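Participant: for reference, the sequence and a predicted model appear below.
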Amino acid sequence: MQQFVKPEKPHNNTAYERFWSSGPFAMLPLPGNRCRIVWTAPHGEAKALCALDDEQFLRELTRRYGDHMGKLKLLGDRFVFQVQLMQSNRYVLPRLALIGDAAHNCHPVAGQGLNLGIRDAAALAQVIQAAHQAGKDIGDIQIFKGYERWRKLEKLTILGFTDLLDRIFYDNFLPVVVVRRLGLWFLQRVPALKVFMLKLMIGLKGRTPELAKR
(Lines give C-alpha, C1' and ligand atoms only; values in the text may rest on other atoms or scores of the structure.)
Protein backbone atom coordinates (compact mmCIF):
# COMPACT_ATOMS: atom_id res chain seq x y z
CA MET A 1 0.00 0.00 0.00
CA GLN A 2 1.17 3.54 -0.74
CA GLN A 3 0.22 6.92 0.73
CA PHE A 4 1.73 10.40 0.53
CA VAL A 5 2.14 12.35 3.79
CA LYS A 6 3.57 15.68 4.93
CA PRO A 7 5.39 15.56 8.30
CA GLU A 8 5.34 18.44 10.73
CA LYS A 9 9.14 18.41 11.03
CA PRO A 10 11.70 18.40 8.18
CA HIS A 11 12.56 14.94 6.88
CA ASN A 12 16.14 16.07 6.06
CA ASN A 13 16.13 13.79 3.01
CA THR A 14 16.34 10.74 5.26
CA ALA A 15 14.58 7.47 4.41
CA TYR A 16 13.45 5.08 7.12
CA GLU A 17 12.63 1.40 6.83
CA ARG A 18 11.40 -0.95 9.52
CA PHE A 19 10.74 -4.67 9.31
CA TRP A 20 7.52 -5.95 10.86
CA SER A 21 6.23 -9.48 10.95
CA SER A 22 3.70 -8.51 8.28
CA GLY A 23 6.41 -7.09 6.00
CA PRO A 24 8.67 -4.04 5.54
CA PHE A 25 7.42 -0.52 6.25
CA ALA A 26 9.21 2.47 4.73
CA MET A 27 8.93 6.26 4.75
CA LEU A 28 10.72 7.77 1.76
CA PRO A 29 11.55 11.52 1.48
CA LEU A 30 10.29 13.61 -1.43
CA PRO A 31 10.70 17.28 -2.44
CA GLY A 32 8.56 19.84 -0.62
CA ASN A 33 9.01 18.06 2.73
CA ARG A 34 6.66 15.31 1.61
CA CYS A 35 7.12 11.58 2.15
CA ARG A 36 5.81 8.45 0.51
CA ILE A 37 4.69 5.65 2.78
CA VAL A 38 5.30 2.14 1.43
CA TRP A 39 3.51 -0.26 3.76
CA THR A 40 3.78 -3.97 3.01
CA ALA A 41 1.16 -6.30 4.48
CA PRO A 42 -0.87 -9.39 3.52
CA HIS A 43 -3.46 -8.44 0.93
CA GLY A 44 -6.44 -8.63 3.30
CA GLU A 45 -4.71 -6.48 5.90
CA ALA A 46 -3.62 -3.97 3.27
CA LYS A 47 -7.19 -3.60 1.98
CA ALA A 48 -8.47 -3.12 5.54
CA LEU A 49 -5.86 -0.41 6.19
CA CYS A 50 -6.79 1.30 2.95
CA ALA A 51 -10.46 1.32 4.00
CA LEU A 52 -9.78 3.10 7.34
CA ASP A 53 -10.85 6.72 7.68
CA ASP A 54 -8.03 9.29 7.89
CA GLU A 55 -8.04 9.56 11.68
CA GLN A 56 -7.89 5.79 12.19
CA PHE A 57 -5.20 5.42 9.54
CA LEU A 58 -3.05 8.15 11.12
CA ARG A 59 -3.30 6.44 14.50
CA GLU A 60 -2.15 3.13 13.04
CA LEU A 61 0.55 4.89 11.02
CA THR A 62 1.90 6.65 14.13
CA ARG A 63 1.88 3.36 16.02
CA ARG A 64 4.05 1.80 13.33
CA TYR A 65 6.30 4.74 12.61
CA GLY A 66 6.42 6.81 15.80
CA ASP A 67 6.09 10.57 16.23
CA HIS A 68 9.70 11.76 15.94
CA MET A 69 8.77 13.81 12.85
CA GLY A 70 5.76 15.38 14.56
CA LYS A 71 2.21 15.15 13.30
CA LEU A 72 1.64 13.69 9.85
CA LYS A 73 -0.79 15.13 7.32
CA LEU A 74 -2.24 12.80 4.71
CA LEU A 75 -1.94 13.89 1.08
CA GLY A 76 -4.01 12.32 -1.68
CA ASP A 77 -5.52 8.85 -1.72
CA ARG A 78 -4.20 5.49 -0.59
CA PHE A 79 -3.48 2.77 -3.13
CA VAL A 80 -2.99 -0.98 -2.81
CA PHE A 81 -0.59 -2.75 -5.19
CA GLN A 82 -0.02 -6.48 -5.29
CA VAL A 83 3.64 -7.33 -4.73
CA GLN A 84 5.11 -10.24 -6.66
CA LEU A 85 8.43 -11.12 -8.22
CA MET A 86 8.35 -10.85 -12.01
CA GLN A 87 10.86 -10.32 -14.80
CA SER A 88 10.25 -10.07 -18.53
CA ASN A 89 11.65 -12.95 -20.60
CA ARG A 90 12.91 -10.42 -23.12
CA TYR A 91 14.01 -6.85 -22.55
CA VAL A 92 14.43 -5.90 -26.19
CA LEU A 93 12.96 -6.06 -29.67
CA PRO A 94 14.05 -4.12 -32.76
CA ARG A 95 13.87 -0.42 -31.80
CA LEU A 96 12.31 -1.27 -28.44
CA ALA A 97 13.97 -1.67 -25.03
CA LEU A 98 12.30 -2.16 -21.64
CA ILE A 99 13.71 -0.39 -18.59
CA GLY A 100 12.66 -0.10 -14.95
CA ASP A 101 9.28 -1.47 -13.92
CA ALA A 102 8.42 -2.23 -17.56
CA ALA A 103 11.09 -4.95 -17.42
CA HIS A 104 10.69 -6.19 -13.86
CA ASN A 105 8.59 -6.11 -10.73
CA CYS A 106 10.28 -6.53 -7.36
CA HIS A 107 9.49 -6.19 -3.70
CA PRO A 108 9.88 -2.57 -2.47
CA VAL A 109 12.79 -3.33 -0.14
CA ALA A 110 15.37 -0.53 0.13
CA GLY A 111 14.01 1.17 -2.98
CA GLN A 112 15.65 -1.37 -5.27
CA GLY A 113 13.00 -1.01 -7.96
CA LEU A 114 13.94 2.65 -8.39
CA ASN A 115 17.67 1.92 -8.20
CA LEU A 116 17.43 -0.77 -10.87
CA GLY A 117 15.40 1.51 -13.12
CA ILE A 118 17.96 4.31 -12.88
CA ARG A 119 20.80 1.92 -13.74
CA ASP A 120 18.74 0.51 -16.64
CA ALA A 121 18.34 3.99 -18.11
CA ALA A 122 22.04 4.77 -17.62
CA ALA A 123 23.12 1.48 -19.20
CA LEU A 124 20.79 1.88 -22.19
CA ALA A 125 22.01 5.46 -22.73
CA GLN A 126 25.61 4.25 -22.67
CA VAL A 127 24.92 1.46 -25.19
CA ILE A 128 23.08 3.83 -27.54
CA GLN A 129 25.78 6.50 -27.24
CA ALA A 130 28.53 3.98 -28.04
CA ALA A 131 26.59 2.76 -31.10
CA HIS A 132 26.05 6.32 -32.32
CA GLN A 133 29.71 7.20 -31.92
CA ALA A 134 30.63 4.10 -33.92
CA GLY A 135 28.25 5.11 -36.71
CA LYS A 136 25.90 2.17 -36.12
CA ASP A 137 22.10 2.05 -36.21
CA ILE A 138 21.12 2.81 -32.60
CA GLY A 139 17.86 0.87 -32.99
CA ASP A 140 19.44 -2.34 -34.18
CA ILE A 141 18.43 -5.42 -32.18
CA GLN A 142 22.06 -6.49 -31.73
CA ILE A 143 22.83 -3.16 -30.05
CA PHE A 144 19.92 -3.64 -27.68
CA LYS A 145 20.88 -7.24 -26.94
CA GLY A 146 24.12 -5.90 -25.46
CA TYR A 147 22.00 -3.88 -23.02
CA GLU A 148 19.87 -6.94 -22.24
CA ARG A 149 22.89 -9.15 -21.45
CA TRP A 150 24.37 -6.40 -19.29
CA ARG A 151 21.32 -5.80 -17.14
CA LYS A 152 19.73 -9.22 -16.79
CA LEU A 153 22.34 -10.80 -14.50
CA GLU A 154 22.32 -7.91 -12.00
CA LYS A 155 18.54 -7.88 -11.99
CA LEU A 156 18.30 -11.60 -11.35
CA THR A 157 20.65 -11.16 -8.38
CA ILE A 158 18.87 -8.14 -6.88
CA LEU A 159 15.35 -9.40 -7.55
CA GLY A 160 16.17 -12.74 -5.97
CA PHE A 161 17.84 -11.11 -2.99
CA THR A 162 14.98 -8.68 -2.27
CA ASP A 163 12.43 -11.48 -2.58
CA LEU A 164 14.49 -13.61 -0.19
CA LEU A 165 14.68 -10.73 2.31
CA ASP A 166 10.92 -10.33 2.23
CA ARG A 167 10.31 -14.04 2.77
CA ILE A 168 12.84 -14.27 5.61
CA PHE A 169 11.48 -11.26 7.52
CA TYR A 170 7.87 -12.27 6.99
CA ASP A 171 8.23 -15.90 8.08
CA ASN A 172 8.02 -16.66 11.82
CA PHE A 173 8.89 -20.35 11.45
CA LEU A 174 11.51 -20.94 14.18
CA PRO A 175 14.38 -22.16 11.94
CA VAL A 176 13.84 -19.15 9.67
CA VAL A 177 13.85 -16.81 12.68
CA VAL A 178 17.15 -18.34 13.83
CA VAL A 179 18.71 -17.89 10.38
CA ARG A 180 17.43 -14.31 10.25
CA ARG A 181 18.94 -13.41 13.62
CA LEU A 182 22.24 -15.08 12.75
CA GLY A 183 22.37 -13.15 9.48
CA LEU A 184 21.79 -9.82 11.23
CA TRP A 185 24.38 -10.76 13.87
CA PHE A 186 26.99 -11.44 11.18
CA LEU A 187 26.17 -8.21 9.35
CA GLN A 188 26.72 -6.22 12.54
CA ARG A 189 30.02 -7.89 13.38
CA VAL A 190 31.64 -8.55 10.00
CA PRO A 191 32.39 -5.17 8.35
CA ALA A 192 33.56 -6.74 5.07
CA LEU A 193 30.21 -8.55 4.68
CA LYS A 194 28.27 -5.37 5.45
CA VAL A 195 30.30 -3.39 2.89
CA PHE A 196 29.77 -6.11 0.27
CA MET A 197 26.00 -6.10 0.81
CA LEU A 198 25.84 -2.29 0.64
CA LYS A 199 27.84 -2.21 -2.60
CA LEU A 200 25.62 -4.91 -4.10
CA MET A 201 22.43 -3.02 -3.25
CA ILE A 202 23.64 0.36 -4.56
CA GLY A 203 24.97 -1.11 -7.79
CA LEU A 204 28.72 -0.94 -7.20
CA LYS A 205 29.21 -4.65 -7.83
CA GLY A 206 29.48 -5.81 -11.41
CA ARG A 207 29.50 -3.44 -14.37
CA THR A 208 28.34 0.05 -13.44
CA PRO A 209 27.15 2.46 -16.18
CA GLU A 210 29.36 5.53 -16.59
CA LEU A 211 26.39 7.84 -16.01
CA ALA A 212 25.61 6.09 -12.74
CA LYS A 213 29.20 6.61 -11.57
CA ARG A 214 28.69 10.36 -11.84
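Facilitator: Now that the structure is in, tell me what you want to look at.
Participant: quickly find the element holding Ile128.
Facilitator: helix 112-133 (DSSP states H and E).
Participant: how long is stretch 53-73 end to end?
Facilitator: 13 Å (C-alpha to C-alpha, to the nearest Å).
Participant: per-residue confidence averaged over that stretch?
Facilitator: Averaging pLDDT along stretch 53-73 gives 88.
Participant: buried set for the lowest-mean-pLDDT helix or strand in the chain?
Facilitator: When the helices and strands of the chain are scored by mean pLDDT, DSSP states H and E, helix 210-213 comes last with a mean of 78. Neighbour-count burial for helix 210-213 flags Ala212 (criterion: 16 or more other C-beta atoms under 10 Å). Yep, even glycine has a C-beta here, placed from its N, CA and C like the rest.
Participant: any idea how far it is from the chain center?
Facilitator: Its chain's C-alpha centre and that of helix 210-213 lie 19 Å apart, by C-alpha atoms, centre = their mean, to the nearest Å.
Participant: contact partners of it?
Facilitator: By C-beta atoms under 8 Å, 6 or more residues apart in numbering, the surrounding residues in contact with helix 210-213 are 118-119, 122-123, 125-126, 203.
Participant: wait, Asp163 sits on His107?
Facilitator: Yes - shown here, Asp163 and His107 form a contact pair, counting by C-beta atoms under 8 Å, at 5.7 Å.
Participant: which residues in this structure form helices?
Facilitator: Taking DSSP state H to define them, one finds helices in the chain at 43-51, 54-65, 112-133, 141-170, 174-189, 191-201, 210-213.
Participant: cool, thanks, talk later.
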